[in-house]
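Asks: kindly generate the corresponding structure for this input.
(chains A and B)
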Amino acid sequence: DTAVSQTPKYLVTQMGNDKSIKCEQNLGHDTMYWYKQDSKKFLKIMFSYNNKELIINETVPNRFSPKSPDKAHLNLHINSLELGDSAVYFCASSQGRWRGAFFGQGTRLTVV
Amino acid sequence: KQEVTQIPAALSVPEGENLVLNCSFTDSAIYNLQWFRQDPGKGLTSLLLIQSSQREQTSGRLNASLDKSSGRSTLYIAASQPGDSATYLCAAHNDYKLSFGAGTTVTVRA
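Replies: Numbers count the residues shown, from 1 in each chain, chains lettered A, B, ... in the order given. Here you go, the predicted structure:
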């Protein structure tokens, strides 16, 4: 039973398209995150949500819009995809700030 | 802004040798520090979590220490095995944000 699951695992799309990545956690956590891992493997935070409220928006272009319908889900919608958006996107969750974070398996996005 | 640095960037050792991985962070106001392992093309697996009030955590052959005042954490892996080959990441957890180092890529030679 996967704790943090992301769909899809792979996504190949053309420039200019709009796509969504879904994330669900079954750990009962109240905080969820989106991270981007670039080609150099560096992990950088994009967004964090606590109890469905946006806490962190780390200077991410407006083309990226997260949505948290409930505490167990945090989806990422990307408009007008660009070549530079190609990366691995990771969803994660934690219980508040004191507990450890658990990561999903990642979504490899390739924009052609 | 939290800056996390990991040294060395890469490490290659013969099987059986002990591994020492270093992590430093600039903002000591952390809630916890977490060590992860990442295999190529895979997600992040949590290895150890050290709360800000703790000095160390142990799990099997892994031991992690934390010196919050000096902004340092060290991951020790005893008696390394080829299966330990992976990238190890440390993350400092501030307010609803984990800041990652660039990782240490470990190769254990059989």
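
Asks: residue 53: how many residues sit nearby?
Replies: Just so you know, I chose chain A. By other CB atoms under 10 Å in any protein chain shown, 8 other residues sit near A:Glu53. Bear in mind the C-beta positions are built from the backbone N, C-alpha and C, glycine included.

Asks: other chain: chain B
Replies: 9.

Asks: interface residues of chain B facing chain A?
Replies: Counting by CB under 8 Å from any CB of the partner chain, chain B comes close to chain A at B:31-32, B:34, B:36, B:42-44, B:46, B:49, B:51, B:87, B:89, B:91, B:93-100, B:102-103.

Asks: any of the residues you listed buried? List them.
Replies: Among the residues of chain B next to chain A, the ones that count as buried by 16 or more other CB atoms under 10 Å in any protein chain shown are B:31-32, B:34, B:36, B:43-44, B:49, B:51, B:87, B:89, B:91, B:93-94, B:96-100, B:102-103.

Asks: which stretches of chain A form strands?
Replies: All strands of chain A, identified by DSSP state E, fall at A:4-7, A:10-13, A:19-25, A:31-37, A:43-50, A:53-57, A:64-70, A:73-78, A:87-94, A:102-103, A:107-111.

Asks: so which of the ones you listed gets nearest B:Ala79?
Replies: With CB to CB as the criterion, B:Ala79 lies closest to strand A:102-103 of those, at 27.1 Å.

Asks: what packs against the closest one?
Replies: Judged by 3 or more CB pairs under 8 Å, 6 or more residues apart in numbering or on different chains; DSSP states H and E, the packing partners of strand A:102-103 are strand A:87-94, strand B:44-51.

Asks: could I get the ones you listed as JSON lines with distance to B:Ser80 and mean pLDDT?
Replies: Converted to JSON lines, these look like this (distance: least, CB to CB, whole Å; pLDDT from 0 to 100):
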{"stretch": "strand A:87-94", "distance to B:Ser80": "27", "mean pLDDT": "97"}
{"stretch": "strand B:44-51", "distance to B:Ser80": "14", "mean pLDDT": "96"}
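
Asks: out of those strands, which is closest to A:Val4?
Replies: Nearest of the helices and strands packed on strand A:102-103 (CB to CB): strand A:87-94, 5.6 Å.

Asks: that closest one vs chain B: in contact?
Replies: Yes: against chain B, strand A:87-94 shows contacts by CB under 8 Å from any CB at A:Phe90, A:Ala92, A:Ser94.

Asks: quick one: which of the residues you listed is nearest B:Arg72?
Replies: Nearest to B:Arg72, judged by CB to CB, of the residues of strand A:87-94 next to chain B is A:Ser94 at 22.8 Å.
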